[in-house]
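Peer 1: Sequence and predicted structure are below.
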Amino acid sequence: MYSVVIIDDNKIAVEAIAKSTDWEKCGCRVAGTAYDGIAGLELIHDVAPDIVIIDIQMPGFNGLDVIKKIKGARKDTQFIIISGYSQFEYAQQAIRYGVCDYLLKPIMTEEMEQALMHVADALRKKEAESVPAHMDSLEARLYAIRSGRQGYSSMVSQAISYVDRNINRNISLSDVCDELLVSMSHFSKCFKKETGAGFSSYVTMMKMENARILLRNPKNRVNEVARMLGYSDYAYFFQVFKKQFGYAPSDIKFNVKKEGKKNDSDAGE
């Protein structure tokens with residue numbers, strides 16, 4: 001989940017945001033609060049949050065001063081300004097500093113949650129765009145999903161861990177929902193929204209990537225790999241694998257054997 005700090009000299013406003021916001025729904029958590037610009041600046045340096053919710057008019061440094069100082073050192077930190085002032089000058093400066101949103105007090109809970117979800121989505125997209133160039137489409141998709149775990153809700157993050165622990169079993173939607181004590185409809189909706197993939201599709205992608213890795217080991221036979229990943233029906237495993245990669249599992253074994261012979265030949269020259 002993305003870490004958030006709230007900085008405002010109005011303690012009541014800070015407490016209201018901290019208590020009324022559905023942080024898990026937004027994929028965020030409160031990492032700290034501060035009540036003036038100087039303490040807020042120190043808090044940001046100490047916590048290194050992903051998102052900062054900050055007022056403009058405060059003792060010490062004002063909000064725009066804090067943003068200016070932090071943007072020079074931590075370009076990835078995102079800011080949401082909360083203010084009782086709607087002056088055009090403030091809005092201009094906020095835009096110039098790359099502020100994500102500018103909310104006017106009094107702030108409605110729904111308004112804050114929408115702003116947070118917008119920022120969280122932007123952070124996830126940015127993480128997905130940093131996929132290493134050498135990856136193929138499956139590796140890139142899994143990398144994008146798994147590298148975004150910091151921004152997922154606790155439920156979705158736990159589900160990903162559950163798949164990792166049980167990759168050798170037949171994993172169903174009901175299995176993970178029983179483990180997490182949540183309804184299947186709620187879980188499916190949240191998993192798809194946060195990762196961009198359906199849960200069953202994610203499980204299949206993980207199994208296929210693991211199958212590809214296991215098949216590269218000359219000691220592992222194709223039918224053994226199917227069993228190692230929880231597939232009791234080899235024909236079904238074959239069908240899923242070929243649909244994913246466009247070639248048969250045995251083709252990997254053939255290429256590994258061919259590569260091994262080539263290396264032996266090169267070594268003998």
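Peer 2: Structure received. Numbering: from 1, shown residues only.
Peer 1: Quick check: which ranges of the protein have low pLDDT?
Peer 2: 72-75, 86-92, 96-97, 128-133, 254-269 (pLDDT under 70).
Peer 1: now the helices for it?
Peer 2: Applying DSSP state H to the chain gives helices spanning 11-20, 23-26, 37-47, 63-73, 88-96, 109-128, 137-147, 154-165, 173-180, 184-195, 199-215, 222-228, 234-245, 249-268.
Peer 1: okay, these in TSV with mean neighbour count and distance to Gln57 next?
Peer 2: The C-beta positions use only the backbone N, C-alpha and C, and glycine is treated the same way. Shown next, in TSV, are the helices of the chain (neighbours: other CB atoms under 10 Å; distance: least, CB to CB, whole Å):
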stretch	mean neighbour count	distance to Gln57
helix 11-20	14	12
helix 23-26	17	26
helix 37-47	18	10
helix 63-73	18	7
helix 88-96	13	9
helix 109-128	17	19
helix 137-147	16	38
helix 154-165	16	35
helix 173-180	15	44
helix 184-195	17	35
helix 199-215	19	46
helix 222-228	17	62
helix 234-245	16	56
helix 249-268	12	63
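Peer 1: can you redo the ones you listed as CSV with distance to Met1?
Peer 2: Output for the helices of the chain, formatted as CSV (distance: least, CB to CB, whole Å):
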stretch, distance to Met1
helix 11-20, 15
helix 23-26, 8
helix 37-47, 14
helix 63-73, 21
helix 88-96, 25
helix 109-128, 9
helix 137-147, 14
helix 154-165, 7
helix 173-180, 16
helix 184-195, 10
helix 199-215, 19
helix 222-228, 33
helix 234-245, 30
helix 249-268, 37
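Peer 1: closest one to Tyr2 among those?
Peer 2: Of all the helices of the chain, helix 109-128 sits nearest to Tyr2, with 5.5 Å by CB to CB.
Peer 1: mind checking how far the closest one is from the chain centre?
Peer 2: 12 Å (CA atoms, centre = their mean, to the nearest Å).
Peer 1: and the angle from it to helix 184-195?
Peer 2: Calculated by axes from the mean of the first three to the mean of the last three CA atoms, to 10 degrees, helix 109-128 forms an angle of 60 degrees with helix 184-195.
Peer 1: got the contact list for helix 109-128?
Peer 2: For helix 109-128, the external contacting residues (CB atoms under 8 Å, 6 or more residues apart in numbering) are 2, 4, 17, 20-22, 25-28, 50-51, 53, 76, 78, 80, 100-101, 103, 144, 147-148, 151, 194.
Peer 1: Buried only: go through the residues you listed for me.
Peer 2: 2, 4, 17, 21, 26-28, 50-51, 53, 78, 80, 100-101, 103, 144, 148, 151, 194 (16 or more other CB atoms under 10 Å).
Peer 1: Other residues contacting stretch 206-220?
Peer 2: Residues contacting stretch 206-220 (CB under 8 Å, 6+ apart): 138-139, 142, 163-164, 167, 222, 225-226, 228-231, 237, 240-241, 244-245, 249, 252-253, 256-257, 260.
Peer 1: 6 Å - rerun?
Peer 2: Contact with stretch 206-220 is made by 138, 142, 163, 167, 225, 229, 244, 249, 252, 256, as judged by CB atoms under 6 Å, 6 or more residues apart in numbering.
Peer 1: Now render those as JSON lines, adding distance to Val182.
Peer 2: Below are those laid out as JSON lines (distance: CB to CB, whole Å):
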{"residue": "Leu138", "distance to Val182": "28"}
{"residue": "Leu142", "distance to Val182": "23"}
{"residue": "Val163", "distance to Val182": "15"}
{"residue": "Ile167", "distance to Val182": "21"}
{"residue": "Val225", "distance to Val182": "32"}
{"residue": "Leu229", "distance to Val182": "25"}
{"residue": "Gln244", "distance to Val182": "28"}
{"residue": "Pro249", "distance to Val182": "34"}
{"residue": "Ile252", "distance to Val182": "37"}
{"residue": "Val256", "distance to Val182": "41"}
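Peer 1: For these, name the two members farthest from one another.
Peer 2: Maximum pairwise distance in the contacts of stretch 206-220, criterion CB to CB, is 26.4 Å, between Val163 and Val256.
Peer 1: hmm, back to that, inside strands: which ones of the buried ones among the contacts of helix 109-128?
Peer 2: Counting by DSSP state E, the part of the buried ones among the contacts of helix 109-128 found in strands is 2, 4, 28, 51, 53, 78, 80, 101, 103.
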